[in-house]
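> here you go, sequence then predicted model.
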Amino acid sequence: MVTIGFDPVIARLGAFEVGWHGVVTVIAVWIAVWLGLRAATRAGFPTGPTSDVVVAAVVGGLVGARLFYVLDHLPRFLNDPLATFAIWEGGIAVYGAFIGGITVGAIAAVRVGLPVWRGLDLAAGPMLVGQAVGRLGCLANGDAWGAPTRAEWGLAYTHPNDLLPRDLLGVPTHPYPLYEMGAVLALGLALVALRRRRLGSGVLFLWAALGYAAIRFSLSFFRQETVVAFALQEAQLVALATAALAALFLGWRTLARPVGARSEPIER
């Protein structure tokens, strides 16, 4: 059992705060962007248009991450609407980041003439690495807290600035960020093995989406979030929708381009 008692806030300047969550998030995004651009360069993507798409995807991801978090904790933000914009305090939703980043990035790719599916394949691995690193920020401030546990392992947050509910301060909880980090890294290794096969464009990304949906649906049972419908949390419902869409697209992409066919060209 590990007790986390340090202040998640590094420094304050008036209402503005610099926290470990924000610092780790910046590092995670930088790592994902660096890996993504490196993969795109090796694949022959033009540097300028690719950089534009990546910037658009990052902005879309940040907006989506905050929007989903606010929706998942709506009562809190209805009582304090200005807190919606206090992103330096932490509070982002990974699924929102994925959906926002992928949507905006795909639109930007179409506008500059880059192949969307091939680009998503290249982004799959870096996104998972960034996700795993980013969970360290959640670990630092209780942003993705687990449900109370009686197991011999767990986390107990004790600092009043941690983001988990007040009634969970000092209570042993499942170390959800560590669970997800391990599962995501395992999924990343599986993608490395899968990438060695000659797959059609988009197939690798869709397997990544299916894999993460399975991870998020199953591990969310170890979290304590608001139940939305059918005894499931918001993240679990989004995971089911993601899995359904990914499965449909996976069937389409697999049938549209047989295994062993070359990936689509960079220029259309």
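Thanks, I have it.
> report the helix or strand with the lowest average pLDDT across this structure.
helix 74-79 (a mean of 74; mean pLDDT, DSSP states H and E).
> quick one: that one to chain centroid distance?
On the basis of Cα atoms, centre = their mean, to the nearest Å, helix 74-79 sits 23 Å off its chain's mean C-alpha point.
> which other helices and strands contact that helix?
Of the remaining helices and strands, none touches helix 74-79 by 3 or more Cβ pairs under 8 Å, 6 or more residues apart in numbering; DSSP states H and E. Using the backbone N, CA and C atoms, a C-beta is placed for each residue, glycine as well.
> give me the low-pLDDT residue ranges for the protein?
Low-confidence segments of the chain, defined by pLDDT under 70, are located at 15, 83, 86-91, 256-268.
> so which residue is smack in the middle of it?
Residue closest to the mean C-alpha point of the chain, counted by Cα atoms, centre = their mean, is residue 94 at 3.4 Å.
> isn't that one right up against residue 130?
No. The pair residue 94 / residue 130 is not scored as a contact, 9.9 Å apart, by Cβ atoms under 8 Å.
> what's around residue 182, how many residues?
For residue 182, the tally of surrounding residues (other Cβ atoms under 10 Å) stands at 15.
> what helix or strand is it located in?
Element membership for residue 182, per DSSP states H and E: helix 176-195.
> centre of the chain to that helix, how far?
12 Å.
> what of stretch 186-199?
On the basis of Cα atoms, centre = their mean, stretch 186-199 sits 19 Å off its chain's mean C-alpha point.
> may I see the buried residues of it?
187, 188, 191, 199 (16 or more other Cβ atoms under 10 Å).
> picking up where we left off before, helices or strands up against the helix holding residue 182?
helix 116-141, helix 203-219.
> which positions in whatever helix or strand comes next after the first one come out as buried?
Once helix 116-141 ends, the next helix or strand along the chain (criterion: DSSP H and E) is strand 155-157. Going by neighbour count (16+ other Cβ under 10 Å), the buried part of strand 155-157 is 155, 157.
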